[in-house]
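In: Mind folding the following:
(one chain, ligands or ions: 2)
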Amino acid sequence: MQQSTPRALNEVLRSRGEAAGLIGVILAVARAGSGIAATLRRARLEPGAPVVGALERRNVQGEQQQQLDVIADELLLSALEACPAARAYASEEREQAVALRDDGDYLLLADPLDGSSNIDVAAPVGTIFSVLPAPAPAALLQPGRRQRAAGYVLYGSSLLLVLATGAGVDLYVYDFERDDYLLAESQLAVPARHKLYSLNEAYHNDFEAGIARYLDFAHGAGYSARYVGSMVADVHRTLLKGGVFLYPATRRAPQGKLRLLYEANPMAFVMEQAGGAASTGPGGPILDVTPHALHQRTPVILGSTAEVEQVLTHLG
Ligand code: AHM
Ligand code: MG
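Out: Ligands and ions are numbered 1, 2, ... in the order given. Predicted coordinates:
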């Protein structure tokens, strides 16, 4: 894994007056992100290279291979282990949080490789992360409103870092030659409205009546649909172009599929910081939910303010 400091990213964060500890945590995530990207690019290229699939799966040479989600999780953990400000790490890949340093000021929560089933088809995937303050004793179950920073790394046709630290949303592009993240856009603003929805419509018969009513409305109102099936890619498109991303409750998954702490909260923070909205539906804003469990799931409706509102009016 590359261990150098992303200097340009560091400089921007310092010039914004961010706390040194917070900068350290963000740089650790950024470093892990470029390490994950390097690993993704090597997949299948050499004997023993990682692939997605069961850990028991073997490559054509008969060697056992590692799941990329597990590797991504380990890269994040080792980057944080070198970071004095990190108090604990919680991940979608781990049953329990990992304690790091008793005097660390921040907690990192992450989905190390979101949308990993898309890797087999070389479609975009991402790392989603959330940074919370670490009061003593460390408290992982804080509402998303308390996040100090959140964002994602998108492994797509370019490697992007989208970051919100409480004063808007910045987009950085990773320069592979300089091993650094360069600021490409500041103060991203999600368009207030755009007739586009993004959800897995195959679950139509499993959605509650309100979502079905919304879809009937959208079909009659000239909406378009886009769905990659990687939350990072779908949310990133929503952030730049507008529209609404939904992963509602279904009959089989009454709380939806997405995790509150690793996926919904960081994406909701980014979306609100960009002037958009993020709701659970009848439960109100995602960021106001008080979590009761580390791996808790939540329905997600986020994107352009007017489009989120439109969905909510149909939920009754
Ligand atoms: P994962 O964390 O196991 O990768 O699952 C989350 C992913 C999201 O990226 C995406 O929005 C969703 O699952 C897609 O689910 P579905 O296939 O049910 O539409
Ligand atoms: Mg995920």
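In: Could you list the residues of the stretch 51-200 of the chain in contact with ligand 1?
Out: Selection of the stretch 51-200 of the chain residues close to ligand 1 by Cβ under 6 Å from any ligand atom yields 92, 111, 114-116, 200. The way it works is simple: take the backbone N, C-alpha and C, and place the C-beta from them, glycine included.
In: Buried members of those into ChimeraX, please.
Out: The ChimeraX selection below is limited to those of these classed as buried (16 or more other Cβ atoms under 10 Å):
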select :92,111,114,115,116
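In: would JSON lines of the residues of the stretch 51-200 of the chain next to ligand 1 with pLDDT be doable?
Out: Below are those laid out as JSON lines (pLDDT from 0 to 100):
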{"residue": "92", "pLDDT": "93"}
{"residue": "111", "pLDDT": "96"}
{"residue": "114", "pLDDT": "93"}
{"residue": "115", "pLDDT": "89"}
{"residue": "116", "pLDDT": "78"}
{"residue": "200", "pLDDT": "97"}
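In: What residues sit buried inside stretch 92-110?
Out: Buried, per 16+ other Cβ under 10 Å, within stretch 92-110: 92-94, 97, 100, 104-110.
In: picking up where we left off before, among the residues of the stretch 51-200 of the chain next to ligand 1, which are located in helices?
Out: Within those, no residue falls in helices by DSSP state H.
In: Of the residues of the stretch 51-200 of the chain next to ligand 1, which ones also sit close to ligand 2?
Out: Counting by Cβ under 5 Å from the ion, 111, 114 from these sit close to ligand 2.
In: how about a markdown table for the residues of the stretch 51-200 of the chain next to ligand 1, with distance to residue 146 added?
Out: Output for these, formatted as a markdown table (distance: Cβ to Cβ, whole Å):
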| residue | distance to residue 146 |
| --- | --- |
| 92 | 20 |
| 111 | 19 |
| 114 | 22 |
| 115 | 26 |
| 116 | 28 |
| 200 | 30 |
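In: Among the residues of the stretch 51-200 of the chain next to ligand 1, which are located in strands?
Out: Members of those lying in strands (criterion: DSSP state E): 111, 114.
In: For ligand 1, state which of the buried residues of stretch 92-110 is nearest.
Out: residue 92 (5.9 Å; Cβ to the nearest ligand atom).
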